[in-house]
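please find the sequence and the predicted model below.
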Amino acid sequence: MKTILLSLTLAITTFILNAQSAPDVKTKGTPLTVTVSLRGSGGHILVSLHNEASFNKKPIDAASLEIKDGQAIATFENISPGEYGVVVLHDKNDNKQMDFEPNGMPKEAFGISNNVMLMGPPQWSDAKFEIGETPTEIEIRL
């Protein structure tokens, strides 16, 4: 009886863990190139790639980039077709997080795909774009 209960518990746990894992976007797919243009310098550019389920949470892929001549370029390989969103942060002090003023305003520049001007946290509906069967290139201006 204990063996049956243990087996059933392990099977249910495995099912739940697999159901909650993010889909694998790195199977067969196309590249996504993200070019970030900015006026500032110093620090790094943090680029995170999201699907709807991971937006404003843990990204499905990310990169930390050096700034060269006012630009930083990230390429994510083998992205499956679908809807994605990109969030970008100019991490001036290299602490790998967004810093805020005491009043809640960001201290560092940030942006999202589609270059929507934000008054508050980024929204999926503003950031989403389609990746198809051909290579995709987007530019985000900070």
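Noted; the coordinates are in hand. Residues are numbered from 1 along each chain as shown.

for the rest of this, base every contact and every neighbour count on C-alpha atoms.
Noted.

what sits against Val116?
The contact partners of Val116, taken as C-alpha atoms under 8 Å, 6 or more residues apart in numbering, are 126-127.

so where does it fall, helix or strand?
Using DSSP states H and E, no element contains Val116; it sits outside every helix and strand.

any idea how far Ile79 is from it?
Distance check for Val116 against Ile79: by C-alpha to C-alpha, to the nearest Å, it reads 23 Å.

isn't Phe76 up against Thr33?
Yes. Contact criterion C-alpha atoms under 8 Å: Phe76 and Thr33 qualify, at 6.4 Å.

Ile73: neighbouring residues, count only.
Other residues within reach of Ile73 by the criterion other C-alpha atoms under 10 Å amount to 18.

and if you look at Val87?
Using other C-alpha under 10 Å, the number of residues around Val87 comes to 20.

before we move on, what about the one 5 residues further on?
Lys92 sits with 19 neighbouring residues when counted by other C-alpha under 10 Å.

same question for Pro121.
If you count neighbours by other C-alpha under 10 Å, Pro121 ends up with 7.

show me the shaky parts of this protein.
1-27 (pLDDT under 70).

now the helices for it?
2-20, 124-127 (DSSP state H).

who are the packing partners of the last one?
Packed against helix 124-127, as judged by 3 or more C-alpha pairs under 8 Å, 6 or more residues apart in numbering; DSSP states H and E, are the following elements: strand 82-91.
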